[in-house]
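Novice: Just to be clear, the model below is a prediction. Sequence and coordinates:
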Amino acid sequence: MRMDDPLLCVRGLKVGFPTADGVVKASNIVDLTIRAGETLALLGETGSGKTVLGMAILRLLQPNTRIEGEILYRGRDLLSLPQEEMQKVRGREIAVVLQNSGTSLNPVLRVGDQIAEAITLHRGLKGAEAETAAVELLDQVRIADPARMAREYPHRFSGGMRERALIALALACNPSFLIADEPTRGLDAVTKREILNLFSEVNRGRSVLFITHDIEAAASLAARVAVMYAGEIIEIGPVDAILSSPAHPYTRGLLESLPARGMRPIPGSAPSLIAPPPGCRFFPRCSCAVGRCEIEHPGLVEVGPAHYARCMLYD
Ligand SMILES: Nc1ncnc2c1ncn2[C@@H]1O[C@H](COP(=O)(O)OP(=O)(O)OP(=O)(O)O)[C@@H](O)[C@H]1O
Ligand code: NI
């Protein structure tokens with residue numbers, strides 16, 4: 001597969017969670033493409049639907065979830081794959097590094113054994129060979145003295161080392177596509193920088209969906225950024241264009257809320273996903289809104305080279 005070919009293509013994805021109060025529409029027409037070898041950052045405030053998108057790609061949402069649309073991976077629709085085929089994709093092709101690293105390693109198993117188990121499962125190496133490969137992976141994620149650390153239990157690892165171990169675990173199947181969901185959340189600034197550096201090494205030759213709140217982290221890793229608001233991608237484009245000339249009023253607001261850019265929070269809060277506004281979902285908070293924003297739902301409009309915004313201002 002050449003660089004530039006789309007590896008993942010999400011088309012018209014809608015995700016709804018039935019609840020006692022109604023259906024939570026956590027994803028409403030999400031469209032995006034990730035090319036082979038590319039890192040795409042997914043930004044947006046809490047509850048905007050970033051994790052739901054990642055879990056939908058992995059098909060790890062609860063069984064009663066309503067899902068529409070297509071998630072094409074190497075041209076095959078993951079949403080219609082039989083369960084066992086999907087399991088193979090998860091093991092061999094797509095791996096995930098989740099937030100809350102404290103809970104994702106098994107506390108009663110040695111770290112090296114957990115990684116060796118994943119290697120046995122996905123690459124078929126057994127016994128001493130798998131153990132050696134596990135130590136190599138710990139070395140690759142820059143854990144000092146990997147042979148000794150492989151024999152330790154997770155509680156002996158610091159937060160940053162656990163995150164490294166989780167990355168090693170995700171790399172055990174040598175995935176083509178890595179979904180990283182807030183891998184730096186809760187880490188101190190120095191450790192965060194180290195983990196981002198590690199990602200920029202391990203993402204070589206892979207496609208990565210990097211989910212984060214952190215615009216600076218996104219900019220350091222990704223060439224393209226997608227911004228989510230209330231279950232929709234409201235802007236997507238090259239990272240430089242988005243940082244220097246954000247098109248959507250929400251993206252502008254996000255940037256202005258950064259400490260370095262004035263720290264002005266966006267007034268108001270995100271809408272209910274059970275009964276979202278019928279027009280633009282950002283309309284109630286938008287200082288640029290015009291009359292039709294309240295009733296018409298905007299599509300993604302091209303605002304620059306490979307740069308799109310879901311906003312009436314450009315329509
Ligand atoms: N199983 C579920 N049932 C009902 N609602 C859900 C379920 N899972 C997620 N949601 C809702 O879907 C919306 C999107 O959630 P999601 O976890 O994707 O947000 P996020 O962008 O990842 O936020 P954060 O940055 O806090 O991780 C939220 O409003 C959440 O409450
Ligand atoms: Ni999330």
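Specialist: All right, it came through fine. Ligands and ions are numbered 1, 2, ... in the order given.
Novice: Does the residue nearest the centre of the chain have any beta-bridge partners, and if so which?
Specialist: For the chain, the residue sitting closest to the mean C-alpha position, by C-alpha atoms, centre = their mean, is residue 211 at 3.2 Å. In this entry, residue 211 is beta-bridged to residue 42, residue 181, by DSSP bridges.
Novice: how much space is there between it and residue 227?
Specialist: Distance, residue 211 to residue 227, by C-beta to C-beta, to the nearest Å: 12 Å. Backbone N, C-alpha and C define where each C-beta goes, glycine included.
Novice: go on, residue 120?
Specialist: Remark: distance between residue 120 and residue 227 (C-beta to C-beta) = 40 Å.
Novice: Among the two, which residue is more densely surrounded?
Specialist: residue 227 (27 against 18; other C-beta atoms under 10 Å).
Novice: so where does that one fall, helix or strand?
Specialist: For residue 227, the host element (DSSP states H and E) is strand 224-229.
Novice: The stretch 1-150 of the chain against ligand 2: which residues are in contact?
Specialist: When proximity is defined as C-beta under 5 Å from the ion, the stretch 1-150 of the chain approaches ligand 2 at 50, 51.
Novice: Quick check: the residue of the stretch 1-150 of the chain nearest ligand 2.
Specialist: Nearest residue of the stretch 1-150 of the chain to ligand 2 (C-beta to the ion) works out as residue 51 at 3.1 Å.
Novice: Please identify the helix or strand for that residue.
Specialist: Residue 51 belongs to helix 50-58 when assigned by DSSP H and E.
Novice: now residue 24
Specialist: Element membership for residue 24, per DSSP H and E: strand 22-35.
Novice: Say whether ligand 1 is contacted by that strand.
Specialist: Yes: judged by C-beta under 6 Å from any ligand atom, strand 22-35 and ligand 1 are in contact via 24, 26.
Novice: neighbouring strands for that strand, and are they parallel or not?
Specialist: strand 6-19 (antiparallel).
Novice: Check which residues of the partner strand are buried.
Specialist: 6, 7, 8, 9, 10, 13, 14, 15, 16, 17 (16 or more other C-beta atoms under 10 Å).
Novice: do the same with stretch 192-200
Specialist: Neighbour-count burial for stretch 192-200 [16+ other C-beta under 10 Å]: 192, 194, 195, 196, 198, 199.
Novice: Name the helix or strand for the last one, please.
Specialist: Okay, so that is residue 199. helix 189-202.
Novice: The strand holding residue 227 to strand 22-35, inter-axis angle?
Specialist: If you take axes from the mean of the first three to the mean of the last three C-alpha atoms, to 10 degrees, strand 224-229 sits at 170 degrees to strand 22-35.
Novice: where exactly do the strands run in the stretch 151-300 of the chain?
Specialist: All strands of the stretch 151-300 of the chain, identified by DSSP state E, counting those that start in this stretch, fall at 177-181, 207-211, 224-229, 232-238.
Novice: if we can go back for a sec, name the nearest of the buried residues of stretch 192-200 relative to residue 68.
Specialist: Proximity to residue 68 was ranked across those by C-beta to C-beta; first place goes to residue 199, at 31.7 Å.
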